[in-house]
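**Q** my questions are about this predicted structure, shown below with the sequence.
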Amino acid sequence: MYSQGLDQRDDAPRRVDDPAATAHDSALHARFDERVDAEEKIEPNDWMPDSYRRTLIRQISQHAHSEVIGMQPEGNWITRAPSLRRKAVLLAKVQDEAGHGLYLYAAAETLGVTREELVDQLLEGRAKYSSIFNYPTLTWADMGAIGWLVDGAAIMNQVPLCRCSYGPYARAMVRICKEESFHQRQGFEIMLTLSRGTAEQTAMAQDALDRWWWPALMMFGPHDSESTHSEQSMAWKIKRFSNDELRQKFVDATVPQAKFLGLRVPDDDLHYDDATGHYVFGEPDWSEFAAVLRGEGPCNAQRMAHRRRAHDEGRWVREAAEAHAAKHPRSGGTPVGPEAQQWANAGVRA
């Protein structure tokens, strides 16, 4: 979802190349670059630079972690949804997020890392997830704001990933983007209903927009000048647009929607520039962004405590799946192990 994965430091040790292999490696690099430039998809068995592989593992795993952690703030409202229809739709959405995590962990595994390794990195605090999920969901309107703003920002990030140079990631994103588009519409419909309702409901919608607007802008990551890996990722065509380009596209698309809702975007600097054809907007609080990434956000500790608890409580499911796989190594049908493990790892309770 989430370009923040490109802004983490790469602390992997650098390999000292054997001088005798330099020419061969150079030829492989050149061929790899040619294929990327020609818009050919890189597949798991193809040669790729170690740094390309590490970048993909970092980004895809953070994306997967974000989908799973992102179930918590919305799962918090399943039992409190205002109608049976709202409850069913929200439950389906949270289920979708679990599926997205499954697709993405599977895509990461094609790069030679195991799902267990990735989950352990998250549980031990060595891996990141999107900062947006460290904010609380205080009212039902937050379900609308998350769908409209958070999933809307995710779509801006994710649609270009359908053309990512790495085949498994690009193909996973096609289905994910289709489902995220429904999530965004569901959120906007909640906001529309509230903004056309009573004065109290309209105020609830405005309050949700006030609280989620700036965190949504931060989802795109820091400015391009401060982004650690964006330039190289764009050269490799993992990423197609820069952080600032995506943020601008999001603002340009979302401000007219807010006007249609009759809500005010909480930015005194916001105005339309006729010369550029874009909205000019204020600066997010980057100190808040940095604090949340350091684990100092409103819900960081709660999110990770729940994630670890859910993982521990799901241990029996993983063990049962492993025992079944060992007992029936050639059984047909759905692969029980990975799917059962994904659900055991998901944990929805807030």
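**A** Great, that's in hand.
**Q** and the helix or strand containing residue 309, how far out from the chain's middle?
**A** Using DSSP states H and E, residue 309 sits in helix 300-313. Remark: helix 300-313 is offset 18 Å from the chain centroid, using CA atoms, centre = their mean, to the nearest Å.
**Q** elements contacting that helix?
**A** On a contact count with 3 or more CB pairs under 8 Å, 6 or more residues apart in numbering; DSSP states H and E, helix 300-313 meets helix 50-69, helix 71-75, helix 115-123, helix 336-346. For the C-beta atoms, the positions are set from N, CA and C on the backbone; glycine is no exception.
**Q** how many residues are close by residue 197?
**A** Residues lying near residue 197 (other CB atoms under 10 Å) number 12.
**Q** that one and residue 276: what is the separation?
**A** Using CB to CB, to the nearest Å, residue 197 is found at 36 Å from residue 276.
**Q** please name the nearest non-neighbouring residue to residue 53.
**A** residue 111 (5.4 Å; CB to CB, 6 or more residues apart in numbering).
**Q** now that neighbour: phi and psi?
**A** phi -100, psi 10 (degrees, to the nearest 10).
**Q** sec struct for residue 264, please.
**A** coil (DSSP: H, G, I helix; E, B strand; the rest coil).
**Q** residue contacts, it?
**A** 206, 209, 258 (CB atoms under 8 Å, 6 or more residues apart in numbering).
**Q** ok, now residue 186?
**A** 89, 93, 147.
**Q** and of the helices and strands packed on helix 300-313, who's closest to residue 38?
**A** In terms of CB to CB, the element of these nearest to residue 38 is helix 50-69, at 15.9 Å.
**Q** what about that closest one, distance to the chain center?
**A** Relative to its parent chain, helix 50-69 has a centroid offset of 10 Å by CA atoms, centre = their mean.
**Q** what do you get for stretch 282-302?
**A** On CA atoms, centre = their mean, the centre of stretch 282-302 falls 16 Å from the chain's centre.
**Q** picking up where we left off before, hey, least reliable of the helices and strands packed on helix 300-313 by pLDDT?
**A** Ranked by mean pLDDT, these bottom out at helix 336-346, which scores a mean of 47.
**Q** in the stretch 101-250 of the chain, which spans are helices?
**A** Per DSSP state H, counting those that start in this stretch, the stretch 101-250 of the chain carries helices over the ranges 115-123, 141-145, 151-158, 167-195, 199-218, 230-235, 243-261.
**Q** residue 306: which of the ones you listed is closest?
**A** helix 115-123 (11.4 Å).
**Q** just the buried residues of that closest one, please?
**A** 115, 118-119, 121-123 (16 or more other CB atoms under 10 Å).
**Q** one more: stretch 170-180?
**A** 170, 172-173, 176-177, 180.
**Q** is it true that residue 239 touches residue 160?
**A** Yes. Assessed by CB atoms under 8 Å, residue 239 is found in contact with residue 160 at 7.2 Å.
**Q** tell me which of those two has more neighbours.
**A** residue 239 (26 against 18).
**Q** on the pLDDT front, check that one for me.
**A** Per-residue confidence (pLDDT) for residue 239: 90.
**Q** do the same with residue 231
**A** Reading off the model, residue 231 has pLDDT 82.
**Q** next, count neighbours for it.
**A** 13.
**Q** same check on residue 138?
**A** 12.
**Q** distance check, the residue nearest to it when sequence neighbours are not counted against residue 84.
**A** Leaving out its chain neighbours, the residue that sits closest to residue 138 by CB to CB, 6+ apart is residue 211, at 7.6 Å. Distance of residue 211 to residue 84, computed by CB to CB: 27 Å.
**Q** try residue 259
**A** Taken as CB to CB, the span from residue 259 to residue 84 is 32 Å.
**Q** got it, and residue 329?
**A** Residue 329 is 43 Å from residue 84, by CB to CB.
**Q** any buried residues in the helix holding residue 309, and which?
**A** Those buried within helix 300-313 under the rule 16+ other CB under 10 Å are 300, 303-304, 306-307, 310-311.
**Q** tell me what angle that helix forms with helix 115-123.
**A** 150 degrees (axes from the mean of the first three to the mean of the last three CA atoms, to 10 degrees).
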